[in-house]
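Visitor: Fold the following.
(chains A and B)
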Amino acid sequence: MSELQSSLSSARDDLRTEPRLIRVVIIAIAVIFLTVFVVLPLVVVFAQAFSKGIGAYFSALSDPEALSAIRLTLCVAAISVGLNLVFGVVAAWAIAKFDFRGKTFLISLIDLPFSVSPVISGLVFVLLFGAQGYWGPWLQSHNVHVLFAVPGIALATIFVTFPFVARALIPLMQEQGTLEEEAAISLGASGLQTFFRVTLPNIKWGVLYGVLLCNARAMGEFGAVSVVSGHIRGETNTMPLLVEILYNEYQFVSSFAIASLLAMLALITLVAKTILERHLDEGQHPRDD
Amino acid sequence: MTIEVKNIVKKFGAFAALDQVDLKVANGELLALLGPSGSGKTTLLRIIAGLDWPDFGEVSFDGENALAHGASERHVGFVFQHYALFRHMTVFENVAFGLRVQPRAVRKDEAGIRARVKELLDLVQLDWLSNRYPSQLSGGQRQRIALARALAIEPRILLLDEPFGALDAKVRKELRQWLRSLHSEIHVTSIFVTHDQEEALEVANRLVVMDKGRIEQIGTPGEVYDNPATAFVHGFIGESIVLPVEVCDGCVRLGGKALNIAAHGAPSGASKLFVRRHDMQVGPAGSGALEGAVRRVRTFGPIQRAEVALSAGGDETVIEIDAPRDRELQTGDIVGLQPRRYRIFAAQD
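Guide: Numbers count the residues shown, from 1 in each chain, chains lettered A, B, ... in the order given. Just a heads-up that it's a prediction; the model follows:
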């Protein structure tokens, strides 16, 4: 009897899924691909960074140039994530909860940084703020430094990372609709009370998700920042820029030590992203009848 | 609180959701807005609440212009069709919300808020759920919490948008009776929107029947049922038999054959004859204005429902009638039918 059952169930399994051989081959292809293109490079980064021992690794990281790059990267990331958090929430709120003319246009505009090459994004700011640019001469005469300084790097980074928060929130807020907000208003809540007590708690995981991706990109951005930074050593080099410079100067340990920090950031981001996605999925279908 | 709506027009693009609507609601009334979907009833409710704005017209509460105030200042309790409970708050916090967002000057202290919420949860008989989240409640429980939340602000008016639309039939029935008794207890002026005629007839003191952005009839459930003002109301409320007839000079014709009924002053031209199913008197062949063959009979309870194929008229017309069970009908019987009560309305193109 039990034999019959087991043979029946295995027959059913065969019908429900692909043959064993095909399953193994497909999974193997995926694993090999990931190993060659993702895992191996990551291992190489850490292997190179520690190739001369732990002491060399930490002395490379405590080099004044490296410290300056880390400080600058953190500073630029803080500025751009902070501002994009505000911009993103406001833009998503406007798009998801209100109807107005030009909404579709605004949505495509938000996506622009994704579809433009980062180098172009940087060049735009050179054209605007450079010595031969539109506002360059005026800025120079007032002794304001935008290009080859922190403001320029921050501007380029903000531009490149603008879509992350808004993109994470728009579908979430659209799905949630405006009913809870209407309920809050009919109960006497003001616009701000409605936002902070009803809207924000409902989107908090989405906000964190957007901030996480925005931060990862802000710290890792190379192209746009490279164009506007001017590569002044110890002043306007971010971590990704410094990695390239050190590599070109054959300082492999220093180069890979800093690269390993960025790689760790990526790993932490990955874990946090997985956790947040679980929360988002839970929040998405909170009331099935 | 009385509500007066004057000449309200609301358009969504080219579609007129409300077309010159006038309505007066008396203090303490329980009024039903009844109509098919797209008739504008929900839009009217949302305009009264301040969640939508009319293109034209006036809304006043106790003679005071309500359009001068936004939704948050109108003190109107609004119960949404899909409840719209705050999903990240417990039942207790949902009900307390309206009290917590009040301006500091009038806001109750924490103990006062707790007492009030407890009182409301007792009123809706769900005190034991106060620490649950909305996703952990059944539909009927959510609806009652939504009502408690709306009542927390001591609204001057209570508006309910299809309050029982998303619930199953049994729960709906219970909640209807419960809403009636709640209204007689707290007596706040209330308007509820429904597309369910049975619900409207059972719960409301007065009905407003709407179609295509206009009010077709206003009256008590009895008035609307017994004396429908228009063909739409007759067809929408209660089951009706509708026959295409021709009125000419006081006589009524079906398929070219004169019927032995009076036109009651209906104007000449293509018209529709409306008869309630139970207003069709069944007799032996040749006894009534109409004649037909019984196709099929189903009996339930005190009535038998028969499908009768009318012999008048070129095309085969089959109508359903409800007859008492004093004389059992058989398939194939030829019966005479005489409308006891009927209405004739001009056919609309």
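Visitor: residue ranges with poor pLDDT in the stretch 51-200 of chain B?
Guide: Within the stretch 51-200 of chain B, no range satisfies pLDDT under 70.
Visitor: So which bits of it are right by chain A?
Guide: B:51, B:70-78, B:80, B:82, B:84-88, B:97-98, B:100-102, B:133-135, B:139, B:149-150, B:152-153, B:166 (CB under 8 Å from any CB of the partner chain). From N, CA and C alone the C-beta is placed, and that goes for glycine too.
Visitor: Just the ones of those in strands?
Guide: B:76-78 (DSSP state E).
Visitor: Closest to residue A:140 out of these?
Guide: Nearest to residue A:140, judged by CB to CB, of these is residue B:78 at 59.0 Å.
Visitor: In contact with the residue lying closest to residue B:102 once chain neighbours are set aside, which residues?
Guide: In this structure, residue B:102 finds its nearest non-sequential neighbour in residue A:188, 6.3 Å apart by CB to CB, 6 or more residues apart in numbering or on different chains. Applying CB atoms under 8 Å, 6 or more residues apart in numbering or on different chains to residue A:188 gives the contacts B:72-73, B:75, B:98, B:101-102, B:153.
Visitor: ok, residue A:188 to residue B:70 distance?
Guide: Residue A:188 is 10 Å from residue B:70, where distance means CB to CB, to the nearest Å.
Visitor: Assign residue 143 to helix, strand or coil.
Guide: All of this is about chain A. coil (DSSP: H, G, I helix; E, B strand; the rest coil).
Visitor: My question was about chain B, not that one.
Guide: With three-state DSSP as the criterion, residue B:143 reads helix.
Visitor: before we move on, back to that, only the buried subset of the contacts of residue A:188, as a PyMOL command please.
Guide: Selecting the buried subset of these in PyMOL, with 16 or more other CB atoms under 10 Å in any protein chain shown as the burial test, is done by:
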select buried, chain B and resi 72+75+98+101+153
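Visitor: got the residues of the stretch 51-200 of chain A near chain B?
Guide: A:179-180, A:182-190, A:193, A:197-198.
Visitor: Are any of the residues you listed buried, and if so which?
Guide: A:180, A:182-189, A:193, A:197-198.
Visitor: Stretch A:118-127: which residues count as buried?
Guide: A:118, A:121-126.
Visitor: Narrow those to those in helices?
Guide: Among the buried residues of stretch A:118-127, the members falling in helices (DSSP state H) are A:118, A:121-126.
Visitor: As TSV, these with pLDDT would be great.
Guide: Output for those, formatted as TSV (pLDDT from 0 to 100):
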residue	pLDDT
A:118	90
A:121	89
A:122	90
A:123	90
A:124	89
A:125	89
A:126	89
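Visitor: which helices and strands does the host helix or strand of residue A:137 pack with?
Guide: If you go by DSSP states H and E, residue A:137 is part of helix A:136-141. Packing contacts for helix A:136-141, counted by 3 or more CB pairs under 8 Å, 6 or more residues apart in numbering or on different chains; DSSP states H and E, involve helix A:118-129.
Visitor: Now do the helix it packs on: everything it contacts.
Guide: Contacts of helix A:118-129 (CB under 8 Å, 6+ apart): A:113, A:133-136, A:139, A:146-147, A:152, A:155-156, A:159-160, A:221-228.
Visitor: got a list of what residue B:151 touches?
Guide: B:77, B:120, B:123, B:158, B:186.
Visitor: Most neighbours among those, which one?
Guide: Among these, residue B:77 has the most neighbours (other CB atoms under 10 Å in any protein chain shown), with 26 neighbours.
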